[in-house]
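> Using only what follows, build the 3D model:
(chains A, B and C)
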Amino acid sequence: MADQNNAQDRLLTIRNLWIEGQSEDKWSPIIKGVDLDLNRGEVLGLIGESGAGKSTLGLAAMGFTRDGCRISDGTVEFDGIDLRNAQAGERRALLGKRIAYVAQSAAASFNPAHKLIDQYSEAPVVHGVMSKQQAETDATSLYEQMQLPDPGQIGFRYPHQVSGGQLQRAMTAMAMACRPDLIIFDEPTTALDVTTQIEVLAAIRNIVKEFNTAAIYITHDLAVVAQMADRIKVLLKGEEVEEADTRTMLSSPQEDYTKSLWAVRSYARAEQEETDKGTPVVSVRNVTAGYGDAIVLDDVSFDFYQGRTVAVVGESGSGKSTAARVITGLLPPKKGEVLFDGKVMPADYRSRDRDQLRQVQMIYQMADTALNPKLRLRELIGRPAQMYLGLKGKALEERVRSLLDLIELEPDQYIDRLPSELSGGQKQRIGIARALAAEPKFIICDEVTSALDQLVAEGILRLLDNLQSEFNLGYMFITHDLATVRAIADDVVVMQQGRVVEQGRKAAMFQPPHHPYTELLLSSVPEMDPDWLSELLKSRAAAG
Amino acid sequence: MSTLISILWFAVAVVGAMALGWLFRALVVAVLPQRRAHEMRKAPLTASFGILVILVYVLVAVFAPVIAPFGESEVVGGEFLPWDSTYLLGTDNLGRDMLTRMIYGARNTVGIAFIITALAFFVGTVLGLLAAVVGGWLDQGLSRSVDVLMAIPSLIFSLLLLTIFGTSVLSLVLVIATVDATRVFRLARSVAQGIVVMDYIEAARLRGEGKWRLITREILPNAMAPLVAEFGLRFCFVFLAISGLSFLGLGIQPPTADWGGMVRDNATLITFGDLTPFLPAGAIALLTVAVNFVVDWQLHKSSGLKE
Amino acid sequence: MAHVWRMIAQRLALGFLTLFVVSLLIFGATELLPGDFAEAILGQSATPETIAAIRRDLGLDQPFHTRYVSWLGGVLQGDFGNSLANGQPVIELITKRLGNTLFLALYAAAMAVPLSLALGILAALFRNSIFDRMSNALALTSISFPEFFVAYILILWFAQSGMFPSIVRLSEGISFGETLYRCFLPALTLTLVVTAHMMRMTRAAIINLLASPYIEMARLKGMSPIRVILRHALPNALAPIINVVALNLAYLITGVVVVEVVFVYPGLGQLMVDSVSRRDIPVVQAVALIFASAYVLLNLTADVLSTLSNPRLMHRR
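Next up is the predicted model:
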């Protein structure tokens, strides 16, 4: 373990670190006495769910706390320098030069007012490492190493002129500008599509190896951390759960929490038998749709059946959410039609009658913005029942209570709460209850689990699964996450750039032969095997 | 030297105001029930001082005839009499009691400003919310008209309209309310537009909710915080605007008592070093400061809660 | 760059369209006059004959659009008609005063803009410090003061002791320095009134950005607080700051009216106030049109400048 290593190799030592955050005039702990050791050239993976304190700990390794946070106890020592008690100027001299940072969203973390190369050369020039000219030459070679297209010219663009995956690589290059001893990677690929993620992961891994840079790699994705880290530390609510080298951690986790994290991926519901499906509850026929002149959906057709789940999979820009907008009537298509129970529905939701509106319900990705923050659950859930089913007074109250029971929230405790008094997972459950209150036949689930932690997401998937069998619901399940598809789908539709690439039963989709795009999508999903990335790159290189 | 003394007086005033604010807050916390008191306890001293001042003004305005020692436009003695025991603040340029005029001024100036603000607010908010919810030609029509109206500076526009309609209280109210309603419309529309794009509004629309319910249950409750703050700010603007107009002799007309007009009528005293004309001007400033303090607190609170 | 020019051309066209509508509004407003323009001129002494005569003289028997076109045609050639009060051509009344008012507004702007930008940036840099709190409270207080209150306080402080004149007398042939000296108090009043507002909004515009990830990135690159504000926050706050400045310069135009009255300054504002109480409509129209044009042009300039400060618009994909 780390302690057995030669002290000279030690780069970063954190002992008994406590960090507090301020909320409503009170200070409450975010990090509760964490120790951390990092040697030169070593990559440590920090994983945990949201609220675990990963980012806070990562920033603390730079001697930095966000506004409203403070280090209350413990030491942070970087290469013999006490970062916690260092003068502001002394600490600034290290930041950007010997310790660098790569942020989650490169698009937001590059200053929109300056060219990439000017932002690249800022740290080297200000820290006196090299001249502006040297920095620019150096940037070109690093850009090339990061496999950015047109490395000589790309730096002279503004951030908004460069794509997300490229920006993330440019940001890694920027972090490397002074050849730091330590880089903090804070979820650098979370905002990217899976196929783009691969390229960025590979580029980061190469450059870190090349310069023998130590790194702290923060992520919530176990499979990603398995590719990047030598050691993994698991955090939960500001405390360390356990730490081990990557292979040990993956093969034999010690703690229950870690085991539960590992187990999530194995959830999959029983394969449904192919029965006589009858008339589709909703079918989309040859729909072409878009905004203005831009075509987002191009001649798309698929069917949904009661009691079955169709997962619509694709990366951003594939048109999967637009398809949902066409079905709900928010975006009338340019061509084609939407059928409900075999009958054509009016294209615009304003022309649909109350029953047609009732039958198609929607659950949103962001429960935060999908629930009116000023209404209590009683009204949020009760309103559809009151509107569509004409329930009033006692009957309405009973209905709301039974719906709360269905989504496993204690009615007495929750019925008069506001959305702000709920957790993320509970909010999403309210979204489900609101959809159920209308007693629909068909529900569109738009990325309903992607904003949630894995354990919470799994609970939501189970709930949706149970409700489907109980009420014989048809689901359209929009997602970009193939693990979710594997868990819940009966049928799969793969979309790319507004077209259906492939569709069929789940079992068939996950078996070769695949359409080339499906193949790319499937192979890009990181696996827990630490050798997965290397082997994937090798096989792709071999294929040409 | 005189500057030093002024600064000293200023410091005394600030400390005194904060002490008053502290006392008032302690009193309110003691009187109010637990839940409400909790909010008040966290109020900054500036805000509690602001609330206190607003309360005093409202009381003076409501009970003006009871408190005032003389009639509103009653000539009680010589012109520009100094402060004494009968005429606590002396008399004005026509020999009317200054204190009485001050007290009635609270009723007139504050009352009219409040009516104008309420009117402007009602019209501006209703139209702004409608424009955001209905959209299309209604939004375009209203927004473009407001753009044009706002292309003329408000004081100049008011002056132009007052030239035409004359300077009666009614035309004053209507003119300023119209000018201000355009500003309220802008804000209400932009606040509502921020809300209209939220998923819960989309959900409500897909549910088949009517416009009335959309506005009253889904949008308005979420727009209240900025709108209430805007009401305070608007009141300040209107109050300063009519005081300015009255000062120019184009607002509330004599013999009605009005602070802006009182400054104008008695301004000559300043050249003799008499501070009496500063009283009405100070009364205007104090109320605006007070309202601003409260609005600042509310804005801070509502932005803090979002995090 | 073509799209930027196209955009600017669009803005300009829109600005001139607005000006046109504003002129229509200012001219048309007199149509709402209770009774009639001619009656307004004659007031108590009106008899049916004299009213008819004046109507003919002024062309009031013509339809609205004919009168508007001839009025606008006159305005474009510098002919605003004659004052109802003294029969003088309006243009003669306003030329000299327009110069004076512009001078006062520029004088105040020259003091207020650098001062408030500097204070705003400093307040953002030392946010939540004593300096920030003090300047914030002071700004809030001075925003709350009516202009005439500020003006009289200044008179009490500076004019009582004879340091500066409380009544501005501008005569021919005085030196520029002397003019600056005589106009100091009105200019200072205006400065105080707009500085508070501009400073608060500059501070807010910068602080708004300080929560952005790219500001955190700059700090994590070891940049000093001053560099973070000046190089990373300020370029992105330019658009809002330009708008703030324009808004306040436009506000100077309005503020000028009251301040001119207090200091008996021979400017357009004085003239307008006098004309409003005399209901001298041609003069009010002319002055309103000038103020409105200045306002529209200022906003237009701000609009174009903030467009030019946005890299997303300047450098497209």
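> just how off-centre is the helix or strand hosting residue A:241 within its chain?
Assigned by DSSP states H and E, residue A:241 belongs to strand A:239-245. Centroid separation between strand A:239-245 and its chain, computed with C-alpha atoms, centre = their mean, to the nearest Å, is 23 Å.
> Show the contacting residues for residue C:156.
Shown in contact with residue C:156 (C-beta atoms under 8 Å, 6 or more residues apart in numbering or on different chains): B:270, B:273, B:275, B:278. From N, CA and C alone the C-beta is placed, and that goes for glycine too.
> Distance-wise, check residue A:289 relative to residue A:325.
The spacing between residue A:289 and residue A:325, counted by C-beta to C-beta, to the nearest Å, is 8 Å.
> Same check on residue B:274?
In terms of C-beta to C-beta, residue B:274 sits 72 Å off from residue A:325.
> neighbour count winner among the two?
A count of neighbours by other C-beta atoms under 10 Å in any protein chain shown puts residue A:325 above the other of residue B:274 and residue A:325, at 22 against 15.
> my read: the more buried one touches residue A:332, true?
No. The pair residue A:325 / residue A:332 is not scored as a contact, 9.5 Å apart, by C-beta atoms under 8 Å.
> Mutual contacts of those two, please.
Listed as contacting both residue A:325 and residue A:332 by C-beta under 8 Å, 6+ apart are residue A:289.
> any weak-confidence spans in chain C?
Along chain C, segments meeting pLDDT under 70 span C:1, C:32-46, C:57-60, C:316-317.
> still on that earlier bit, what would the contacts of residue C:156 look like in JSON lines with neighbour count, secondary structure and distance to residue A:519?
Converted to JSON lines, the contacts of residue C:156 look like this (neighbours: other C-beta atoms under 10 Å in any protein chain shown; DSSP: H, G, I helix; E, B strand; the rest coil; distance: C-beta to C-beta, whole Å):
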{"residue": "B:270", "neighbour count": "22", "secondary structure": "helix", "distance to residue A:519": "87"}
{"residue": "B:273", "neighbour count": "8", "secondary structure": "coil", "distance to residue A:519": "92"}
{"residue": "B:275", "neighbour count": "12", "secondary structure": "coil", "distance to residue A:519": "87"}
{"residue": "B:278", "neighbour count": "18", "secondary structure": "helix", "distance to residue A:519": "83"}
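> hang on, isn't residue C:223 packed against residue A:122?
Yes. Residue C:223 is within contact range of residue A:122, at 7.2 Å (criterion: C-beta under 8 Å).
> Can you pull the residues of chain A lying near chain B?
Contact residues, chain A versus chain B (C-beta under 8 Å from any C-beta of the partner chain): A:25, A:328-330, A:349, A:352, A:354, A:357, A:362, A:364, A:366, A:369-375, A:383-384, A:387, A:434, A:438.
> Buried ones from the residues you listed, can you make that a ChimeraX selection?
Remark: buried members of the residues of chain A next to chain B, expressed as a ChimeraX selection using 16 or more other C-beta atoms under 10 Å in any protein chain shown:
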select /A:328,329,330,349,352,357,362,364,366,369,370,371,372,374,375,383,384,387,434,438
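> what about stretch C:125-144, distance to the chain center?
25 Å.
> Report the central residue of chain B.
residue B:235 (2.8 Å; C-alpha atoms, centre = their mean).
> quick one: which helix or strand includes it?
helix B:220-247.
> average pLDDT for that helix?
For helix B:220-247, mean pLDDT is 90.
> Just the buried positions in it, please.
Across helix B:220-247, burial judged by 16+ other C-beta under 10 Å covers B:220, B:222-223, B:225-227, B:229-247.
> Give me the distance from it to the chain's centre.
With C-alpha atoms, centre = their mean, you get 6 Å for helix B:220-247.
> now the angle from the helix or strand just after it to helix B:220-247?
On the C-terminal side of helix B:220-247, the closest following helix or strand by DSSP H and E is helix B:259-266. For helix B:259-266 against helix B:220-247, the angle by axes from the mean of the first three to the mean of the last three C-alpha atoms, to 10 degrees is 20 degrees.
> Tell me if helix B:259-266 is near chain C.
Yes. Judged by C-beta under 8 Å from any C-beta, helix B:259-266 comes into contact with chain C through B:260, B:263, B:264.
> could these go into a markdown table alongside distance to residue B:133?
Shown next, in a markdown table, are the residues of helix B:259-266 next to chain C (distance: C-beta to C-beta, whole Å):
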| residue | distance to residue B:133 |
| --- | --- |
| B:260 | 39 |
| B:263 | 44 |
| B:264 | 45 |
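> quick one: which of the residues you listed is nearest residue A:458?
Set against residue A:458, the nearest of those by C-beta to C-beta is residue B:260 (68.0 Å).
> can you pull the contacts of residue C:107?
Contacts of residue C:107 by C-beta under 8 Å, 6+ apart are C:180, C:183, C:187.
> would you say it is within a helix?
Yes. Assigned with DSSP: H, G, I helix; E, B strand; the rest coil, residue C:107 falls within a helix.
> That one and chain A: what is the separation?
33 Å (C-beta to the nearest C-beta, to the nearest Å).
> Let me see the ranges of the strands in the stretch 401-544 of chain A.
A:442-446, A:474-479, A:491-496, A:499-505 (DSSP state E, counting those that start in this stretch).
> Where does pLDDT dip in chain B?
B:1-2, B:302-307.
> Equivalent analysis for chain A, please.
A:1-8, A:24, A:264-276, A:544.
> for residue A:35, helix, strand, or coil?
Quick answer, by three-state DSSP: residue A:35 is strand.
> thought it was touching residue A:57?
No. Using C-beta under 8 Å, residue A:35 is not in contact with residue A:57; the gap is 10.8 Å.
> Those two: who's more crowded?
Taking neighbours as other C-beta under 10 Å, residue A:35 and residue A:57 compare with residue A:57 leading, 25 against 15.
> now, which of the contacts of residue C:156 lie close to chain C?
Answer for these near chain C (C-beta under 8 Å from any C-beta): B:270, B:273, B:275, B:278.
> And the residues you listed, which is closest to residue B:33?
Scanning the ones next to chain C among the contacts of residue C:156 for proximity to residue B:33, where the rule is C-beta to C-beta, the winner is residue B:278, at 40.9 Å.
> How about that closest one, nearest residue that isn't a chain neighbour?
Leaving aside its sequence neighbours, residue B:278 sits nearest to residue C:152 (C-beta to C-beta, 6 or more residues apart in numbering or on different chains; 6.7 Å).
> If we go by neighbour counts, what in the helix or strand hosting the one you found is buried?
Assigned by DSSP H and E, residue C:152 belongs to helix C:147-154. For helix C:147-154, burial by neighbour count (16+ other C-beta under 10 Å) applies to C:147, C:148, C:149, C:150, C:151, C:152, C:153, C:154.
> still on that earlier bit, and the ones next to chain C among the contacts of residue C:156, which two are furthest apart?
B:273 and B:278 (11.2 Å).
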